[in-house]
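>>> Structure of the sequence below:
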Amino acid sequence: MLLSFAEFLDIIVMTLVVGFIFKDIFKPQPKVQVITPDYYLKQVKGTKLSNFWFAAAVVAPSIILHEFGHKFIAISQGMVATFQASYLGLGIGVVLKLFSPGFLFFIPAYVSIVGTGTPLQFSAIAFAGPAVNLILWLGGLLLMKFVKLKTNVHRFVFLMSRINMFLFIFNMLPIPGFDGFKVYSGLVSAFL
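Residues are numbered from 1 along each chain as shown. Predicted structure coming up:
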């Protein structure tokens, strides 16, 4: 089985929490062309549920597909890989959202991998997640360049592309604990 019931539940929880964390950042553009006092009153009353779902749709698939990149490459190497929501990371994200108006950094999910392999195999597993983000980032850019999209679809693809750009660049930093460190250290171990 490629996805267990526990993994499916973790994906749902992670998606809901990520939607909550980013609901005030990735709002769909309002359809109102004329800004009236009534428009501002509606903004003050609270966030619409559609903002929550829009944020979840923009951010969560990028995280899920990133982790699936790790998971499926690990499985292809004969290892056991399990998607897990990082409840501590999600909690940190919620606290930062509630108390910090600035930059949000948290780890919403990860893949636990059990098995043995060569440094090159582990390097490939580590690179698989950022590689998915790279494909989604560049794919979004190509889609926006060559396909005439409706305004709301263009905005969605633009935001999705930016999220994946950030995830790719950030994850490829050679900092211990990040995918980039695992990629580079695996390559160094394999070739030295």
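>>> Can you give the contact residues for stretch 97-115?
Stretch 97-115 is contacted from outside by 10, 14, 17-18, 20-21, 24, 63-64, 67, 70-71, 74, 77-86, 89-90, 92-93, 96, 125, using C-beta atoms under 8 Å, 6 or more residues apart in numbering. (Each C-beta comes from the backbone N, C-alpha and C, glycine too.)
>>> And stretch 6-17, by the same measure?
Outside stretch 6-17, the residues touching it (C-beta under 8 Å, 6+ apart) are 56, 60, 63-64, 82-85, 87, 90, 93-94, 108-109.
>>> Which of the residues you listed are buried? Put it as a PyMOL command.
Buried members of these, defined by 16 or more other C-beta atoms under 10 Å, are picked up in PyMOL with:
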select buried, resi 56+60+63+64+82+83+85+90+93+108+109
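>>> if you look at the contacts of stretch 6-17, which of them are in strands?
82, 83, 84, 85, 109 (DSSP state E).
>>> can you list the contacts of stretch 6-17 in CSV and add pLDDT?
Listed next are the contacts of stretch 6-17 as CSV, based on pLDDT from 0 to 100:
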residue, pLDDT
56, 93
60, 96
63, 97
64, 97
82, 97
83, 97
84, 97
85, 97
87, 97
90, 96
93, 92
94, 93
108, 95
109, 96
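>>> Of the contacts of stretch 97-115, grab the buried ones for ChimeraX.
Selection of the buried residues among those in ChimeraX, burial being defined by 16+ other C-beta under 10 Å:
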select :10,14,17,18,20,21,63,64,67,70,71,74,77,79,81,82,83,85,86,89,90,92,93,96,125
